[in-house]
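Undergrad: Model the following, please.
(chains A and B)
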Amino acid sequence: MVPEKLINTIPQWLKEWKEGPVVTLILQLSRNLKDKKFPAKLSIGEREEIVTMVCEELEKTPFWQTPLKIKCGELTSDWLKILFERKLITRYILNSPQGVCILFDKEEKLLARINDRDHIRLVIRETGNNMEQAFTNLTASAYILEQIFEFSFHEQFGYLTSSPVYLGEGLSLNALLHIPAIFFTRQTEKLFKILSDYNILVWGMEGEGSDITGSMVLIKERDLLMRKEDSFARFQKALGEINELESTSRSILMVQHQKELEDRVLKSLAILKSAVILGLKEALELLSTVKLGIETGIIDGVSPNFFTRSLIFMQPEHLRKKFGLPQLDPLRESELRAELIKEALEGEHEG
Amino acid sequence: MPICPVCKLREADTTLVEFVEGRIKKRLLCSICAEKEADGVRSIIITSTEVRRKGKKCPVCGTSLYEFRRSFLMGCPTCYDIFRDELTEILKKVVGRESFLGERPQKDSEIIPLLQERENLMKRLNEAIKKEEFEEAAKLRDEIKKIEEQLQWFQKN
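TA: I've put the predicted structure just below:
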């Protein structure tokens, strides 16, 4: 069962982000048990066995005090969608939840997916300013997992994962970025140059295949077979360069295009304040512009939490659950979204 | 089956579809020549079902080479040995490395007994609380705290 209060809280990894281009770091560690077929080739019964075994061991570790444990196969599709919108499960699990189990703490910063594409996928999320912390946590977690389980390890390829993309340390470094100034000043070519120099892939915030909206992008390092310390260092360097590009772009905006920026920010704010219907994409674009306005000091008096609040609660399934509706047609959804954002702007229901 | 017109050696079992000057051109070649002749996005290689059936297969999970090439997913650890050459080829091309540069996994014998000890103490603590033996419970709690500090030390290092 999914605890009801989940739908009313902002995940800590999003809530702690105040400003700057790096919203969240998402570090993922994939491991497979020795001499066992990867989950896709296992029957549901075999998967359940792995879930029982792995959960029992994981619950003994110092990772979590009292983890929330959810068996995805037992959920109805609406609750699965909630987990998906909170980035607790992937689209792959959304479509085939049988024999999948997730464990996470109430801050949603540390998450273990059992029988995702690999037997164990440990996901660590930290806000951008806690980069060192995130890497330390990951190294420690990898170490602890190593002590408990016997994993598939190959002399040539390192840790084996069902997708060879993660070969080596079984590591995937991702970050969610909010970089409005780079998009406003049309510096995207410079951005893509940095990304290709560091062998980094880029998508919209929904991950693989999604469009870029609201100046939010998800980037993913693709350096397989490297030592994890080297991957960290490279990723950190890349993030540093993106950070710099975003701040130079912001100064360009502030100095050369101040009036245009003010106009855009204030217009966006006015639309959010008075809109009656708001689509997801439109809302995201406007929210992003307003957020830039707050960070550059053009607007004040807006609740600092409003961006992250809206980001999570304006998702369709969250809206539907919040207002307790059995079904939601697109028009009604957009109406509720507009209402919700107005509330968030006024900073009501702080929590 | 016809012989491949390029190498004149192997059987032509693969269709290479090319887009040349806005027109579609189909050629029947062998699978090796088809891959050599293929020109990135402007050509498609269509493997006949017979070849799909003939290709290598993992004896443990049944993943075929064709399946691996299409989805880029392995089915089990053994697949990595079966398709080792093919994967090494791809890795060389894409990342320029073919083997792992990191460290081998290591087990430390110290942490497991600690975890077990903690588990044990937790159980005793719960029992003590049930029986309302609070002095005992306080003692146990201190011991658990000590172990947790040690565990935290391990986590940091």
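Undergrad: alpha carbons only for contacts and neighbour counts from here, please
TA: Fine.
Undergrad: Who are the contact partners of the nearest residue to residue B:144 once chain neighbours are set aside?
TA: Nearest non-adjacent residue to residue B:144, counting by Cα to Cα, 6 or more residues apart in numbering or on different chains: residue B:118, 6.1 Å away. Residues near residue B:118 by Cα atoms under 8 Å, 6 or more residues apart in numbering or on different chains: B:144, B:147, B:148.
Undergrad: Correct me if wrong: residue A:83 contacts residue A:97.
TA: No: if you go by Cα atoms under 8 Å, residue A:83 and residue A:97 don't touch, sitting 11.4 Å apart.
Undergrad: Alongside chain A, which residues does chain B contribute?
TA: B:61, B:72-77, B:95, B:97-109, B:111-112, B:115, B:119, B:148, B:151, B:154-157 (Cα under 8 Å from any Cα of the partner chain).
Undergrad: got the residue ranges for the helices in chain B?
TA: B:31-37, B:49-54, B:65-71, B:77-82, B:84-95, B:111-130, B:134-156 (DSSP state H).
Undergrad: Quick one: those as CSV, columns for mean pLDDT too.
TA: Shown next, in CSV, are these (pLDDT from 0 to 100):
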stretch, mean pLDDT
helix B:31-37, 79
helix B:49-54, 64
helix B:65-71, 84
helix B:77-82, 92
helix B:84-95, 88
helix B:111-130, 80
helix B:134-156, 80
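Undergrad: returning to what we had before: what is the nearest of the contacts of residue B:118 to residue B:33?
TA: residue B:148 (62.6 Å; Cα to Cα).
Undergrad: Check the residue nearest to the spatial centre of chain A and give its pLDDT.
TA: In chain A, the residue lying closest to the centroid (Cα atoms, centre = their mean) is residue A:87, at 5.7 Å. Residue A:87 carries a pLDDT value of 93.
Undergrad: same check, this time on residue A:31
TA: 95.
Undergrad: Report the contact partners of it.
TA: A:118, A:119, A:120, A:121, A:151, A:152, A:159, A:160, A:161, A:170.
Undergrad: In TSV: those residues, plus distance to chain B, neighbour count and pLDDT.
TA: Shown next, in TSV, are those (distance: Cα to the nearest Cα, whole Å; neighbours: other Cα atoms under 10 Å in any protein chain shown; pLDDT from 0 to 100):
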residue	distance to chain B	neighbour count	pLDDT
A:118	10	22	96
A:119	11	27	96
A:120	14	24	96
A:121	16	21	96
A:151	9	18	94
A:152	7	18	93
A:159	9	26	94
A:160	7	29	95
A:161	8	32	95
A:170	11	26	93
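Undergrad: In those, find the pair that's most separated.
TA: Among the contacts of residue A:31, A:121 and A:152 lie farthest apart (Cα to Cα), at 13.8 Å.
Undergrad: Tell me the spacing between residue A:174 and chain B.
TA: 18 Å (Cα to the nearest Cα, to the nearest Å).
Undergrad: mind checking the SS state of that residue?
TA: strand (DSSP: H, G, I helix; E, B strand; the rest coil).
Undergrad: Hmm, it is touching residue A:222, no?
TA: No: Residue A:174 is beyond contact range of residue A:222, at 9.4 Å (criterion: Cα under 8 Å).
Undergrad: buried stuff in stretch B:125-132?
TA: B:125, B:128 (16 or more other Cα atoms under 10 Å in any protein chain shown).
Undergrad: So which residues make contact with that stretch?
TA: With Cα under 8 Å, 6+ apart as the criterion, stretch B:125-132 contacts B:134, B:136, B:137, B:140, B:141.
Undergrad: Look through the stretch 1-150 of chain A and state the residue closest to chain B.
TA: residue A:37 (4.3 Å; Cα to the nearest Cα).
Undergrad: Give me the distance between that residue and residue B:119.
TA: 30 Å (Cα to Cα, to the nearest Å).
Undergrad: Only C-alpha atoms, please: export stretch A:336-345 in CSV.
TA: Output of stretch A:336-345 as CSV, limited to C-alpha atoms (Å, rounded to 0.1, in the frame of the first residue of the first chain):
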residue,chain,number,x,y,z
LEU,A,336,-7.4,22.5,-11.3
ARG,A,337,-3.8,23.1,-12.2
ALA,A,338,-4.3,26.8,-12.6
GLU,A,339,-6.1,26.9,-9.2
LEU,A,340,-3.3,24.9,-7.5
ILE,A,341,-0.6,27.2,-8.9
LYS,A,342,-2.4,30.3,-7.7
GLU,A,343,-2.6,28.8,-4.2
ALA,A,344,1.1,27.9,-4.3
LEU,A,345,2.0,31.5,-5.4
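Undergrad: Quick one: mean pLDDT over it.
TA: Rounded mean pLDDT across stretch A:336-345 is 91.
Undergrad: Tell me which residues touch residue A:59, please.
TA: By Cα under 8 Å, 6+ apart, the neighbours of residue A:59 are residue A:67.
Undergrad: Give me the secondary structure label for it.
TA: The three-state assignment at residue A:59 reads helix, by three-state DSSP.
Undergrad: next one: the top helix by length along chain A to chain centre, how far?
TA: Across chain A, the longest stretch assigned as helix under DSSP H is helix A:228-256. Helix A:228-256 sits 19 Å away from the centroid of its parent chain (Cα atoms, centre = their mean, to the nearest Å).
Undergrad: in it, what's buried?
TA: Result for helix A:228-256 [16+ other Cα under 10 Å]: buried residues A:228, A:231-232, A:234-235, A:238-239, A:242-243, A:245-247, A:249-250, A:253-254.
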